[in-house]
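Participant: Sequence plus predicted model, see below.
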Number of protein chains: 2
Amino acid sequence: MATDPNSAHSQLPKLKDVAAAAGVSLSVASRVLSGKADAYRISELASRRVRKEAERLGFQPDRSAKALRLGKSNLIGVIFPDVANSFFAAIAQQVAHAAERVGYDVLLADSGNSTNRESSLITQLLSRQIEGLVVCPVGKSFDHLKDRSLQKFPLVLVDRIAEINHAHIVTSDHRLGGTMLAEHLIEAGHRRIGVLQGLPGTWTNEKRLDGIRAALRKSKLKDIELAVRGDDFTKESGSKACRQLLQAMPKLSAIIALGNPQALGCLEVFQEKGLSIPRDLSLVSFDDHPFVSHLASPLTVIQQDVELLGREASRLLFSELLGESAAKKSQEIVPVKLEVRKSVMVLSKVQQHERVVS
Amino acid sequence: MATDPNSAHSQLPKLKDVAAAAGVSLSVASRVLSGKADAYRISELASRRVRKEAERLGFQPDRSAKALRLGKSNLIGVIFPDVANSFFAAIAQQVAHAAERVGYDVLLADSGNSTNRESSLITQLLSRQIEGLVVCPVGKSFDHLKDRSLQKFPLVLVDRIAEINHAHIVTSDHRLGGTMLAEHLIEAGHRRIGVLQGLPGTWTNEKRLDGIRAALRKSKLKDIELAVRGDDFTKESGSKACRQLLQAMPKLSAIIALGNPQALGCLEVFQEKGLSIPRDLSLVSFDDHPFVSHLASPLTVIQQDVELLGREASRLLFSELLGESAAKKSQEIVPVKLEVRKSVMVLSKVQQHERVVS
DNA sequence: ATGAAAGCGCTAACAT
DNA sequence: ATGTTAGCGCTTTCAT
């Protein structure tokens, strides 16, 4: 015998109640309320009565029961390393909107940049019978994404990519972004360039670095020096790395921040040392923000099309879920844009080698 | 053994499969895996075997089935007007973390600032059998929050308040924030003050306005003029309202933005007209952002303790859910802080009435 | 055109 | 200490 866990609570109306009130059987009520009235040739009268009673009682079908019976949860999951980050928040929003449009609900989880938590969150969400998952994977180990239960599963990787072949991929062209920033600096005559990197090993970090290095190679210039410092996508890492660079490269003339938090850390150090942009040092960064063009020195940045990233991630997920598309996994690299502002000094030949700041 | 249990259908393992593999009955398996081994005095042997097989098969209990059987979903809902807004994103993150800690999952929904959508999202989430809800309500009509099914329901209102008495309430002291900003301006000698408001009628908007008006009254000054413009918490509304103020008050000397987006719109107009802060006009705003202190004119702002808001919202929700607290609904007004920077000009007696900008 | 009944995966009361 | 079984709320065959 089962207990009644809800004895004290005011029971929500069940299908049974609606059926009883309408004077029909459970099956008729079910058929009417799940839009199968026509298919089952339910009489107009019964149909109307059921609908009226359902409305009157405020009946809402129990989604757990439905999910269990149908083997279909209408649930998707979203896992991001840092939901408070507006980049991820914007993507989550797109996914939430898309989901709502097609009658899905969204389970949100925050991995807090920990691979372990990401992994356990995935199992957690899978036990909720989610039908699809959008994730921005953390770290360098992706074994948890290669799990058997994920192999034939609508999986969308966003921003950061894992080396697995059963997922859709949506990401900005981080490599190109790196190249554009570096080329921009080189064209302006910079020869000693410092980089404030994020978490080493992270896909975005490495791609951006790759792009920077590619630009240096392409330039064919022999006298370019590049120094990379930093260990995380945080303000703290940014300011620490900035100090290290200033220390390590006396002739440093430009800095590339591989993310806004690091740029912020850099700005703090500059402020503290009374360094001014671009007079003393040039600074460019990844990711834009409405405030950036109103900074004391409006930063030249790489803009990602966040909205597009979110839309594409949702589109890929739901078109696979709704069975419109083939099982083929797509890879989308969305373009980035160099937004040139006022943070880069154009150096003369002489200046290229003369600048000394500390 | 040579046979692969998953040769044909890669079905997820059920409790039945685990029980069979371990050579015990369903109930034993269930008891072991839901931590009731001791209570039911399951033998150490059986216990170990069940755990081993569950592990080997990667068994995860079906949460829908559990929820149905237990009448407990372990699900909460979060509804915000704009998830991409970092204020709400930060709160969502806190809730997500708190939920994870106590074994709950979070359903995220974005009302897109529409009361209708908010209302239908609530019904939607309720049909998922959520056990609690955090919502930042949109608009001025709260009938959907007074619904019968929400009356005895762990409900937390965050940031904006609805006039209902069955919900916990967590919000910043918006009124005090308004007062502090206005007093700061008045003390600096400003007598013609413009306000860039958000959506009229919204709780936050009205409270901030109230606070401003209270400061004017308290000052006892007869010669203060206040003009309020704007119709939304957006950049566009901000710049439009800013233009209107400039037009309507020739002697305007200071502007209060009731939100960062409006401040941004204001900055754009200033830039366009070549107006400089605080030389030509003073500007103060609600809400801080790391970039704000590095602006060309670092803005004096009211800081909300977003993290605390999020933590308190979660605490209230889960302490009611976990039954630690009484059914009493609490109201938390969390303090705000005035962060004084460089965006307010101190006016002399003469300047108070002479300034003319257009 | 409608109803009875089986069963989705799980837990717990009721046997042993 | 373990097994058997009813039933959570719903959909859907199968029967009428």
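Facilitator: Noted; the coordinates are in hand. Not measured: the values here are computed from a predicted model. Residues are numbered from 1 along each chain as shown, chains lettered A, B, ... in the order given.
Participant: State the helix or strand in which the most centrally placed residue in chain A lies.
Facilitator: Central residue check for chain A by Cα atoms, centre = their mean: the C-alpha nearest the mean position is that of A:Phe88, 4.1 Å away. If you go by DSSP states H and E, A:Phe88 is part of helix A:86-101.
Participant: Over to A:Arg175?
Facilitator: Element membership for A:Arg175, per DSSP H and E: helix A:174-187.
Participant: quick check: angle from the next helix or strand along the chain from that helix to helix A:174-187?
Facilitator: Following helix A:174-187 in sequence order, the next helix or strand is strand A:192-196 (DSSP H and E). Relative orientation of strand A:192-196 versus helix A:174-187 (axes from the mean of the first three to the mean of the last three Cα atoms, to 10 degrees): 150 degrees.
Participant: quick one, what contacts A:Lys14?
Facilitator: A:59, A:62 (Cβ atoms under 8 Å, 6 or more residues apart in numbering or on different chains). From N, CA and C alone the C-beta is placed, and that goes for glycine too.
Participant: Send me the helix holding A:Phe88 as CSV with only the CA atoms.
Facilitator: Provided in CSV are the C-alpha atoms of helix A:86-101 (Å, rounded to 0.1, in the frame of the first residue of the first chain):
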residue,chain,number,x,y,z
SER,A,86,27.0,38.0,-19.2
PHE,A,87,28.4,36.0,-22.1
PHE,A,88,26.9,32.8,-20.8
ALA,A,89,23.9,34.5,-19.4
ALA,A,90,23.0,35.8,-22.9
ILE,A,91,23.4,32.3,-24.4
ALA,A,92,21.3,30.8,-21.7
GLN,A,93,18.6,33.4,-22.4
GLN,A,94,18.5,32.5,-26.1
VAL,A,95,18.2,28.8,-25.2
ALA,A,96,15.4,29.5,-22.7
HIS,A,97,13.5,31.5,-25.3
ALA,A,98,13.9,28.9,-28.0
ALA,A,99,12.9,26.2,-25.6
GLU,A,100,9.8,28.0,-24.5
ARG,A,101,8.8,28.4,-28.1
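Participant: Show me which positions of that helix end up buried.
Facilitator: A:86-100 (16 or more other Cβ atoms under 10 Å in any protein chain shown).
Participant: what does stretch A:17-34 give?
Facilitator: In stretch A:17-34, counting by 16+ other Cβ under 10 Å, buried: A:17-19, A:21-22, A:24, A:28-33.
Participant: From the chain's centroid, how far away is stretch A:78-91?
Facilitator: 5 Å (Cα atoms, centre = their mean, to the nearest Å).
Participant: and that stretch, anywhere near chain B?
Facilitator: Yes: interface with chain B: stretch A:78-91 contributes A:78, A:82-86, A:88-90 (Cβ under 8 Å from any Cβ of the partner chain).
Participant: As a check, name the ranges of all helices in the stretch 201-350 of chain A.
Facilitator: Remark: helices assigned in the stretch 201-350 of chain A by DSSP state H, counting those that start in this stretch are A:203-219, A:235-248, A:260-273, A:306-321, A:349-354.
Participant: Relative to the whole chain's centre, how far out is stretch A:221-231?
Facilitator: 29 Å.
Participant: ugh, typo on my part, it should be stretch A:290-310
Facilitator: 16 Å.
Participant: What's the mean pLDDT across it?
Facilitator: Mean pLDDT, stretch A:290-310: 97.
Participant: Quick check: buried residues in that stretch?
Facilitator: In stretch A:290-310, counting by 16+ other Cβ under 10 Å, buried: A:290-304, A:306, A:309-310.
Participant: Any idea how far apart the tips of it sit?
Facilitator: The first and final residues of stretch A:290-310 sit 19 Å from each other (Cα to Cα, to the nearest Å).
Participant: do stretch A:283-291 as well
Facilitator: Stretch A:283-291 stretches 16 Å from its first residue to its last (Cα to Cα).
Participant: can you pull the contacts of the one residue in the stretch 201-350 of chain A that gets nearest to chain B?
Facilitator: Closest to chain B within the stretch 201-350 of chain A is A:Phe291: 3.9 Å, counting by Cβ to the nearest Cβ. Contact partners of A:Phe291, counting by Cβ under 8 Å, 6+ apart, are B:264, B:289, B:291-292, B:295.
Participant: count of residues packed around whichever residue of the stretch 101-250 of chain A sits closest to DNA strand C?
Facilitator: Of all residues in the stretch 101-250 of chain A, the one sitting closest to DNA strand C is A:Ser127 (8.2 Å; Cβ to the nearest atom of the strand). Counted with other Cβ atoms under 10 Å in any protein chain shown, residues neighbouring A:Ser127 total 17.
Participant: Kindly report the same for A:Arg279.
Facilitator: 10.
Participant: quick one, what contacts it?
Facilitator: A:Met345.
Participant: again, but for the one 10 residues further on
Facilitator: A:His289 is in contact with A:86, A:260, B:291, counting by Cβ under 8 Å, 6+ apart.
Participant: With distance to A:Ala67 as added columns, please give these in TSV.
Facilitator: As requested, the contacts of A:His289 are exported to TSV (distance: Cβ to Cβ, whole Å):
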residue	distance to A:Ala67
A:Ser86	33
A:Asn260	40
B:Phe291	44
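Participant: Nearest to B:Ile277 among the residues you listed?
Facilitator: Closest approach to B:Ile277 among the contacts of A:His289 (Cβ to Cβ): B:Phe291, at 15.0 Å.
Participant: Outline the domain layout of chain A.
Facilitator: Domain ranges of chain A: A:9-61, A:73-173+A:306-334, A:174-304+A:339-354, per automatic domain parsing.
Participant: would you turn those domains into JSON lines with distance to B:Met180?
Facilitator: Formatted as JSON lines, the domains of chain A follow (distance: least, Cβ to Cβ, whole Å):
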{"stretch": "domain A:9-61", "distance to B:Met180": "44"}
{"stretch": "domain A:73-173+A:306-334", "distance to B:Met180": "26"}
{"stretch": "domain A:174-304+A:339-354", "distance to B:Met180": "22"}
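Participant: Tell me which of those lies nearest to DNA strand D.
Facilitator: With Cβ to the nearest atom of the strand as the measure, domain A:9-61 is the member of the domains of chain A nearest DNA strand D (3.0 Å).
Participant: Contacts (any at all) between DNA strand D and the closest one?
Facilitator: Yes: Domain A:9-61 is in contact with DNA strand D by Cβ under 7 Å from any atom of the strand, via A:11, A:14-16, A:26-27, A:30-31, A:33-34, A:36, A:59, A:61.
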